[in-house]
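Trainee: the following comprises the amino acid sequence and a computationally predicted model.
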Amino acid sequence: MIKKVFLLFVFTAVSLFAMNFQTASKEELMSIKGIGEKRATAIMKYRRTHKIKSADDLKNIPGIGDEIANNAKRGIKNADKKVSRTKKSVKSATRKTKERTKKVKEKKAKTLKKVKEQKGKVLKKSKKKAGDLTKRAEKKAKSKAKKSLKKVKAKAKK
């Protein structure tokens, strides 16, 4: 009695997880380890003229051998492809981020260079204006230069 219940359980589990190769979509077929786009297309082409009752029938299709048929029979999925695609997309995103960061740094360096140039111009103008004035007037001119420099920096940040 226990053997019959166990066999019934095993049969139910296998039938629930088994793939119907006669109606499976291309993506479902490609999820099996060893079956890519070309083999999935070959299976779909083959099933138009032949019935596929079990995974053993896949051996009749050119390019599909015992190993792939066994993977299909056991339901071994192709998790490696998903992982490699994810790794590729992460590498791509990392590369794009590095490129963007480099562009931002270059733009920042150009802006800082402009700010330094303008700072020098402002200081020269303020010294020129201060020329013969007293020290008090020079301090006033320098503070004006600092204020205008702050304005220039604020504009540069935008």
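Mentor: Arrived safely. It should be emphasised that the depicted structure is a prediction, and the values quoted were computed from it without experimental measurement. Residues are numbered from 1 along each chain as shown.
Trainee: C-alpha only now, for contacts and for neighbours.
Mentor: OK.
Trainee: domain parsing of this structure, as residue ranges.
Mentor: 2-74, 79-157 (automatic domain parsing).
Trainee: just the mean pLDDT for the first one, thanks.
Mentor: To tie it back to what came earlier, the one meant is domain 2-74. Per-residue pLDDT over domain 2-74 has a mean of 80.
Trainee: what segments of the chain are helices?
Mentor: Ranges of helices in the chain, per DSSP state H, are 2-17, 26-30, 37-49, 66-74, 79-130, 135-157.
Trainee: can you tell me what sits against the fourth one?
Mentor: Put plainly, it is helix 66-74. 18, 32-35, 54-56, 58-59, 77 (C-alpha atoms under 8 Å, 6 or more residues apart in numbering).
Trainee: buried residues of stretch 39-57, list them for me.
Mentor: 39-40, 42-44, 46, 52, 55 (16 or more other C-alpha atoms under 10 Å).
Trainee: and of these, the nearest to residue 157?
Mentor: Nearest to residue 157, judged by C-alpha to C-alpha, of the buried residues of stretch 39-57 is residue 40 at 55.4 Å.
Trainee: what sits against the closest one?
Mentor: So residue 40 contacts 26, 29-30 (C-alpha under 8 Å, 6+ apart).
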